[in-house]
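Trainee: Would you be able to build a 3D model of this:
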Amino acid sequence: MTQAIRVHEHGGPETLHWTGVDVPAPGPGEALVRHTAIGVNFIDVYFRTGLYTPPGLPFTPGMEAAGVVEAVGEGVQEVSPGDRVAYAAGPPGAYSEARVIAADRLVSVPESISDEQAAGMMLKGLTAQYLLRRTYRVQPGDTVLIHAAAGGVGLIACQWASHLGATVIGTVGSTEKARLAQAHGCAHPIRYNEEDFVERVRELTGGKGVAAVYDSVGRDTFLRSLDCLRPLGTLASFGQSSGSVAPLDPAMLAQKGSLFLTRPTLFTYMAQREDLLASARELFDVVERGAVRIEVRQRFPLAEAAEAHRALEARRTTGSTVLTP
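Mentor: Sure, this is the predicted structure:
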(Lines give C-alpha, C1' and ligand atoms only; values in the text may rest on other atoms or scores of the structure.)
Protein backbone atom coordinates (compact mmCIF):
# COMPACT_ATOMS: atom_id res chain seq x y z
CA MET A 1 0.00 0.00 0.00
CA THR A 2 1.18 3.53 -0.82
CA GLN A 3 1.68 6.03 2.03
CA ALA A 4 0.30 9.54 1.73
CA ILE A 5 -0.75 12.61 3.71
CA ARG A 6 -4.54 12.84 4.02
CA VAL A 7 -6.77 15.67 5.24
CA HIS A 8 -10.15 14.55 6.64
CA GLU A 9 -11.27 17.96 7.94
CA HIS A 10 -10.14 21.53 7.36
CA GLY A 11 -7.96 23.13 9.99
CA GLY A 12 -4.38 23.56 11.16
CA PRO A 13 -1.28 21.48 10.41
CA GLU A 14 -2.54 18.85 12.84
CA THR A 15 -5.11 17.80 10.23
CA LEU A 16 -2.31 16.37 8.03
CA HIS A 17 -2.34 12.60 8.69
CA TRP A 18 0.13 9.97 7.44
CA THR A 19 -1.82 6.98 6.21
CA GLY A 20 -2.00 4.21 3.64
CA VAL A 21 -3.92 4.71 0.38
CA ASP A 22 -4.70 2.63 -2.68
CA VAL A 23 -3.33 4.03 -5.94
CA PRO A 24 -5.25 2.83 -9.01
CA ALA A 25 -3.73 1.88 -12.33
CA PRO A 26 -3.56 4.82 -14.75
CA GLY A 27 -6.59 5.21 -17.02
CA PRO A 28 -6.74 6.67 -20.53
CA GLY A 29 -4.59 9.81 -20.75
CA GLU A 30 -3.07 9.23 -17.30
CA ALA A 31 0.33 8.29 -15.89
CA LEU A 32 1.42 6.71 -12.61
CA VAL A 33 4.31 8.69 -11.12
CA ARG A 34 6.52 7.46 -8.25
CA HIS A 35 7.58 10.64 -6.42
CA THR A 36 11.17 11.35 -5.47
CA ALA A 37 10.67 14.89 -4.14
CA ILE A 38 7.59 17.00 -3.42
CA GLY A 39 7.31 20.79 -3.27
CA VAL A 40 5.61 22.67 -0.44
CA ASN A 41 3.67 25.85 -1.27
CA PHE A 42 1.21 28.24 0.35
CA ILE A 43 -1.52 26.95 -1.95
CA ASP A 44 -1.26 23.69 0.02
CA VAL A 45 -2.12 25.63 3.18
CA TYR A 46 -5.08 27.26 1.41
CA PHE A 47 -6.51 23.85 0.51
CA ARG A 48 -5.82 22.47 3.99
CA THR A 49 -7.66 25.32 5.72
CA GLY A 50 -10.55 25.34 3.24
CA LEU A 51 -9.75 28.81 1.86
CA TYR A 52 -9.55 27.01 -1.48
CA THR A 53 -12.05 24.21 -2.05
CA PRO A 54 -10.47 20.76 -2.59
CA PRO A 55 -12.13 18.13 -4.79
CA GLY A 56 -13.65 16.66 -1.62
CA LEU A 57 -12.83 15.32 1.82
CA PRO A 58 -10.69 13.44 2.56
CA PHE A 59 -8.02 14.55 0.10
CA THR A 60 -4.24 14.52 -0.38
CA PRO A 61 -2.66 18.01 -0.60
CA GLY A 62 0.18 19.08 -2.86
CA MET A 63 0.43 20.57 -6.34
CA GLU A 64 4.11 20.13 -7.21
CA ALA A 65 6.48 17.15 -7.39
CA ALA A 66 9.16 15.32 -9.33
CA GLY A 67 9.51 11.62 -9.91
CA VAL A 68 9.65 8.74 -12.36
CA VAL A 69 6.84 7.46 -14.59
CA GLU A 70 6.04 3.87 -13.64
CA ALA A 71 3.12 3.19 -15.99
CA VAL A 72 0.90 4.96 -18.49
CA GLY A 73 -2.69 4.50 -19.55
CA GLU A 74 -4.22 4.04 -22.96
CA GLY A 75 -3.45 6.71 -25.52
CA VAL A 76 -0.64 8.42 -23.60
CA GLN A 77 2.02 9.83 -25.90
CA GLU A 78 3.45 12.65 -23.77
CA VAL A 79 5.59 10.43 -21.48
CA SER A 80 6.81 6.84 -21.20
CA PRO A 81 7.66 4.52 -18.28
CA GLY A 82 11.09 5.38 -16.90
CA ASP A 83 10.92 9.08 -17.78
CA ARG A 84 12.04 11.62 -15.17
CA VAL A 85 9.21 14.13 -14.90
CA ALA A 86 7.93 17.02 -12.82
CA TYR A 87 4.67 18.89 -12.58
CA ALA A 88 2.82 21.81 -11.02
CA ALA A 89 -0.78 20.88 -11.56
CA GLY A 90 -4.14 20.12 -10.02
CA PRO A 91 -6.00 18.45 -8.60
CA PRO A 92 -4.10 18.22 -5.30
CA GLY A 93 -2.40 14.91 -4.59
CA ALA A 94 1.38 15.38 -4.54
CA TYR A 95 1.86 14.59 -0.82
CA SER A 96 2.09 10.89 -1.57
CA GLU A 97 4.69 8.28 -2.43
CA ALA A 98 2.98 7.82 -5.80
CA ARG A 99 -0.06 9.12 -7.64
CA VAL A 100 -1.96 8.99 -10.91
CA ILE A 101 -2.09 12.28 -12.83
CA ALA A 102 -3.05 13.50 -16.28
CA ALA A 103 -0.08 12.80 -18.53
CA ASP A 104 -0.40 16.12 -20.37
CA ARG A 105 0.48 17.92 -17.13
CA LEU A 106 3.91 16.24 -16.92
CA VAL A 107 7.14 17.81 -18.17
CA SER A 108 10.39 15.94 -18.79
CA VAL A 109 13.23 17.09 -16.52
CA PRO A 110 16.67 17.87 -18.04
CA GLU A 111 19.58 15.78 -16.76
CA SER A 112 21.30 18.88 -15.37
CA ILE A 113 18.42 19.54 -12.94
CA SER A 114 18.07 17.37 -9.83
CA ASP A 115 14.80 15.90 -8.62
CA GLU A 116 14.88 18.18 -5.55
CA GLN A 117 15.43 21.25 -7.72
CA ALA A 118 12.62 20.20 -10.05
CA ALA A 119 10.23 19.70 -7.14
CA GLY A 120 11.24 23.06 -5.70
CA MET A 121 10.99 25.01 -8.95
CA MET A 122 8.00 23.91 -10.99
CA LEU A 123 5.12 25.74 -9.29
CA LYS A 124 7.25 28.61 -8.05
CA GLY A 125 9.37 28.93 -11.17
CA LEU A 126 6.45 28.70 -13.59
CA THR A 127 4.67 31.30 -11.47
CA ALA A 128 7.67 33.62 -11.79
CA GLN A 129 7.74 32.93 -15.52
CA TYR A 130 4.16 33.93 -16.23
CA LEU A 131 4.31 36.93 -13.90
CA LEU A 132 7.49 38.39 -15.39
CA ARG A 133 7.04 37.31 -19.02
CA ARG A 134 3.29 37.45 -19.56
CA THR A 135 1.28 39.22 -16.81
CA TYR A 136 3.53 42.28 -16.89
CA ARG A 137 6.38 41.66 -19.32
CA VAL A 138 9.45 43.10 -17.62
CA GLN A 139 11.60 45.33 -19.82
CA PRO A 140 15.21 46.43 -19.38
CA GLY A 141 15.26 49.59 -17.30
CA ASP A 142 12.03 48.82 -15.44
CA THR A 143 11.81 49.04 -11.67
CA VAL A 144 9.54 46.47 -10.03
CA LEU A 145 8.47 45.62 -6.48
CA ILE A 146 8.36 42.00 -5.33
CA HIS A 147 6.77 41.24 -1.98
CA ALA A 148 8.07 38.30 0.08
CA ALA A 149 11.32 38.62 -1.84
CA ALA A 150 13.09 35.88 0.16
CA GLY A 151 10.28 33.36 -0.29
CA GLY A 152 9.97 30.55 -2.80
CA VAL A 153 8.60 32.59 -5.69
CA GLY A 154 10.40 35.70 -4.49
CA LEU A 155 13.97 34.41 -4.76
CA ILE A 156 13.33 33.08 -8.25
CA ALA A 157 11.50 36.22 -9.39
CA CYS A 158 14.19 38.56 -8.02
CA GLN A 159 16.91 36.74 -9.93
CA TRP A 160 14.89 36.49 -13.13
CA ALA A 161 13.73 40.12 -13.10
CA SER A 162 17.30 41.28 -12.49
CA HIS A 163 18.48 39.05 -15.34
CA LEU A 164 15.91 40.75 -17.58
CA GLY A 165 17.44 44.12 -16.80
CA ALA A 166 15.06 45.39 -14.14
CA THR A 167 15.91 47.08 -10.87
CA VAL A 168 14.28 44.99 -8.15
CA ILE A 169 12.87 46.34 -4.90
CA GLY A 170 11.69 43.68 -2.46
CA THR A 171 10.00 43.50 0.91
CA VAL A 172 11.31 41.11 3.56
CA GLY A 173 10.71 40.41 7.23
CA SER A 174 14.21 40.24 8.71
CA THR A 175 17.83 41.28 8.24
CA GLU A 176 18.74 37.71 7.31
CA LYS A 177 16.06 37.63 4.63
CA ALA A 178 17.21 41.04 3.36
CA ARG A 179 20.73 39.70 2.87
CA LEU A 180 19.36 36.59 1.14
CA ALA A 181 17.17 38.59 -1.24
CA GLN A 182 20.02 40.96 -2.05
CA ALA A 183 22.26 38.01 -2.88
CA HIS A 184 19.58 36.87 -5.36
CA GLY A 185 19.09 40.00 -7.43
CA CYS A 186 17.07 42.27 -5.15
CA ALA A 187 18.88 45.60 -5.36
CA HIS A 188 16.85 47.25 -2.60
CA PRO A 189 15.43 45.00 0.15
CA ILE A 190 13.00 46.77 2.47
CA ARG A 191 12.33 45.57 6.01
CA TYR A 192 8.55 46.02 6.01
CA ASN A 193 8.35 45.85 9.83
CA GLU A 194 10.86 48.68 10.20
CA GLU A 195 10.20 50.91 7.17
CA ASP A 196 7.12 52.16 5.35
CA PHE A 197 7.60 50.38 2.06
CA VAL A 198 5.47 52.90 0.12
CA GLU A 199 7.64 55.81 1.26
CA ARG A 200 10.80 53.85 0.55
CA VAL A 201 9.64 52.86 -2.95
CA ARG A 202 8.78 56.48 -3.73
CA GLU A 203 12.20 57.54 -2.47
CA LEU A 204 14.02 54.92 -4.53
CA THR A 205 12.11 55.84 -7.70
CA GLY A 206 12.33 59.59 -7.32
CA GLY A 207 8.59 59.75 -6.67
CA LYS A 208 7.70 58.05 -9.96
CA GLY A 209 6.64 54.62 -8.65
CA VAL A 210 7.33 51.17 -10.08
CA ALA A 211 6.17 49.60 -13.31
CA ALA A 212 4.72 46.54 -11.57
CA VAL A 213 4.11 45.09 -8.14
CA TYR A 214 4.06 41.31 -7.71
CA ASP A 215 2.10 40.68 -4.52
CA SER A 216 1.62 37.24 -2.96
CA VAL A 217 0.85 38.62 0.51
CA GLY A 218 -2.68 39.92 -0.05
CA ARG A 219 -4.61 41.74 2.65
CA ASP A 220 -1.66 43.32 4.50
CA THR A 221 -0.03 44.82 1.41
CA PHE A 222 -2.70 45.18 -1.27
CA LEU A 223 -3.84 48.81 -0.94
CA ARG A 224 -0.34 50.10 -0.26
CA SER A 225 0.93 48.16 -3.27
CA LEU A 226 -1.34 50.30 -5.44
CA ASP A 227 0.33 53.39 -3.98
CA CYS A 228 3.73 52.12 -5.15
CA LEU A 229 2.76 52.06 -8.83
CA ARG A 230 3.54 54.62 -11.49
CA PRO A 231 0.63 55.78 -13.69
CA LEU A 232 -0.51 52.89 -15.90
CA GLY A 233 1.36 50.49 -13.61
CA THR A 234 0.30 46.89 -13.00
CA LEU A 235 -0.51 45.15 -9.73
CA ALA A 236 -0.39 41.36 -10.01
CA SER A 237 -2.03 40.02 -6.86
CA PHE A 238 -1.20 36.33 -7.07
CA GLY A 239 -1.49 35.15 -3.46
CA GLN A 240 -2.93 35.93 -0.08
CA SER A 241 -0.66 34.59 2.64
CA SER A 242 -1.89 37.32 5.03
CA GLY A 243 -5.57 36.82 4.17
CA SER A 244 -8.08 37.68 1.47
CA VAL A 245 -8.23 41.16 -0.04
CA ALA A 246 -11.32 43.25 0.69
CA PRO A 247 -13.65 44.26 -2.18
CA LEU A 248 -12.36 47.17 -4.25
CA ASP A 249 -14.15 50.02 -6.02
CA PRO A 250 -12.65 50.09 -9.55
CA ALA A 251 -12.79 53.88 -9.46
CA MET A 252 -9.82 53.73 -7.10
CA LEU A 253 -7.67 52.43 -9.96
CA ALA A 254 -8.57 55.50 -12.00
CA GLN A 255 -7.85 57.86 -9.13
CA LYS A 256 -4.40 56.36 -8.57
CA GLY A 257 -3.28 56.66 -12.19
CA SER A 258 -5.35 54.42 -14.50
CA LEU A 259 -3.77 51.35 -12.95
CA PHE A 260 -4.05 47.77 -14.12
CA LEU A 261 -5.07 45.12 -11.58
CA THR A 262 -5.07 41.37 -12.17
CA ARG A 263 -5.53 38.26 -10.03
CA PRO A 264 -3.68 35.68 -12.16
CA THR A 265 -3.29 31.97 -11.50
CA LEU A 266 -0.73 29.52 -12.76
CA PHE A 267 -3.43 27.08 -13.78
CA THR A 268 -5.03 29.53 -16.20
CA TYR A 269 -1.72 30.46 -17.79
CA MET A 270 -0.68 26.78 -18.12
CA ALA A 271 -4.07 25.36 -19.11
CA GLN A 272 -2.88 24.57 -22.64
CA ARG A 273 -0.05 22.04 -22.93
CA GLU A 274 1.80 24.15 -25.48
CA ASP A 275 1.90 27.03 -22.97
CA LEU A 276 3.09 24.69 -20.22
CA LEU A 277 5.89 23.31 -22.38
CA ALA A 278 6.98 26.73 -23.64
CA SER A 279 7.05 28.15 -20.11
CA ALA A 280 8.90 25.13 -18.73
CA ARG A 281 11.51 25.39 -21.49
CA GLU A 282 12.12 29.03 -20.62
CA LEU A 283 12.36 28.20 -16.91
CA PHE A 284 14.77 25.30 -17.47
CA ASP A 285 16.86 27.49 -19.78
CA VAL A 286 17.49 30.26 -17.24
CA VAL A 287 18.28 27.67 -14.57
CA GLU A 288 20.66 25.68 -16.78
CA ARG A 289 22.46 28.88 -17.82
CA GLY A 290 22.87 29.91 -14.17
CA ALA A 291 20.79 33.08 -14.47
CA VAL A 292 18.41 31.69 -11.84
CA ARG A 293 19.57 29.45 -8.98
CA ILE A 294 17.05 27.07 -7.44
CA GLU A 295 17.89 26.62 -3.78
CA VAL A 296 16.16 23.99 -1.67
CA ARG A 297 16.68 25.43 1.79
CA GLN A 298 14.36 23.22 3.88
CA ARG A 299 13.79 19.46 3.73
CA PHE A 300 11.29 17.35 5.67
CA PRO A 301 10.31 13.69 5.44
CA LEU A 302 6.91 13.37 3.76
CA ALA A 303 5.49 11.90 6.97
CA GLU A 304 6.38 15.21 8.72
CA ALA A 305 4.45 17.45 6.34
CA ALA A 306 2.73 19.09 9.32
CA GLU A 307 6.09 20.43 10.52
CA ALA A 308 6.78 21.82 7.07
CA HIS A 309 3.44 23.64 7.14
CA ARG A 310 4.16 25.06 10.60
CA ALA A 311 7.50 26.41 9.40
CA LEU A 312 5.95 27.87 6.24
CA GLU A 313 3.09 29.61 8.05
CA ALA A 314 5.45 30.97 10.73
CA ARG A 315 7.57 32.50 7.94
CA ARG A 316 10.58 30.48 9.06
CA THR A 317 11.30 29.30 5.52
CA THR A 318 13.23 30.87 2.66
CA GLY A 319 13.56 29.67 -0.91
CA SER A 320 12.14 26.22 -1.67
CA THR A 321 10.93 23.56 0.76
CA VAL A 322 10.63 19.91 -0.26
CA LEU A 323 9.25 16.74 1.25
CA THR A 324 11.08 13.46 0.63
CA PRO A 325 9.07 10.20 0.44
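
Trainee: Any idea which residue is closest to the centre of the protein?
Mentor: residue 124 (3.0 Å; CA atoms, centre = their mean).

Trainee: Next up, the contacts around it.
Mentor: Residues in contact with residue 124 (CB atoms under 8 Å, 6 or more residues apart in numbering) are 39, 41, 64, 152-153, 156, 320. Every residue, glycine included, has its C-beta placed from N, CA and C.

Trainee: Wasn't it part of a strand?
Mentor: No: applying DSSP: H, G, I helix; E, B strand; the rest coil, one finds residue 124 to be helix, outside a strand.

Trainee: how far away is it from residue 148?
Mentor: Residue 124 sits at a distance of 11 Å from residue 148 (criterion: CB to CB, to the nearest Å).

Trainee: again, but for residue 289
Mentor: 25 Å.

Trainee: of these two, who's got more company?
Mentor: residue 148 (28 against 9; other CB atoms under 10 Å).

Trainee: So that one, which state does it fall into?
Mentor: Under three-state DSSP, residue 148 comes out as coil.

Trainee: residues in contact with it?
Mentor: 154, 171-172, 216-217, 241.

Trainee: For it, give its distance to residue 59.
Mentor: 26 Å.

Trainee: now swap in residue 14 and tell me
Mentor: Residue 14 is 16 Å from residue 59, by CB to CB.

Trainee: what about residue 4, which SS state?
Mentor: strand.

Trainee: doesn't residue 92 make contact with it?
Mentor: No: using CB atoms under 8 Å, residue 4 is not in contact with residue 92; the gap is 10.9 Å.

Trainee: Okay, helices next: where are they in the stretch 51-200 of the chain?
Mentor: Listed from the start of the chain, the stretch 51-200 of the chain has helices (DSSP state H, counting those that start in this stretch) covering 115-130, 152-163, 175-182, 197-204.

Trainee: Show the end-to-end separation of stretch 137-152, please.
Mentor: From its first residue to its last, stretch 137-152 covers 20 Å (CA to CA, to the nearest Å).

Trainee: buried sites along that stretch?
Mentor: Within stretch 137-152, the residues that qualify as buried are 138, 142-152, counting by 16 or more other CB atoms under 10 Å.

Trainee: Would you map out the domains in the chain?
Mentor: Per the record, the chain has its domains at 2-113+294-324, 123-266, by automatic domain parsing.

Trainee: Looking at those, which is nearest to residue 282?
Mentor: domain 123-266 (5.8 Å; CB to CB).

Trainee: now the closest one: mean pLDDT?
Mentor: Confidence over domain 123-266 (mean pLDDT, whole number) is 96.

Trainee: and the residue nearest to residue 180 when sequence neighbours are not counted, what does it touch?
Mentor: Counting by CB to CB, 6 or more residues apart in numbering, the nearest residue to residue 180 once its immediate chain neighbours are dropped is residue 150, at 4.8 Å. Residue 150 makes contact with 170, 172-173, 177-178, 180-181, 184, 318-319, according to CB under 8 Å, 6+ apart.

Trainee: Tell me the most packed of those, by neighbour count.
Mentor: residue 170 (31 neighbours).

Trainee: Is it correct that it is in contact with residue 192?
Mentor: No: Residue 170 lies out of contact with residue 192 (CB under 8 Å); the separation is 9.8 Å.

Trainee: Residue 90: neighbouring residues, count only.
Mentor: 18.

Trainee: ok, it touching residue 267?
Mentor: Yes: the pair residue 90 and residue 267 qualifies as a contact (CB under 8 Å) at a distance of 6.1 Å.

Trainee: returning to that earlier point: make a markdown table out of the contacts of residue 124 and add distance to residue 278.
Mentor: Formatted as a markdown table, these follow (distance: CB to CB, whole Å):
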| residue | distance to residue 278 |
| --- | --- |
| 39 | 21 |
| 41 | 22 |
| 64 | 19 |
| 152 | 22 |
| 153 | 19 |
| 156 | 18 |
| 320 | 23 |
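
Trainee: Pick the one among the residues you listed closest to residue 131.
Mentor: residue 153 (8.0 Å).

Trainee: tell me the contacts of that closest one?
Mentor: Contacts of residue 153 by CB under 8 Å, 6+ apart are 124, 127-128, 131, 214, 216, 239.

Trainee: cool, residue 259 as well?
Mentor: With CB under 8 Å, 6+ apart, residue 259 has these contacts: 226, 229, 231-235, 253.
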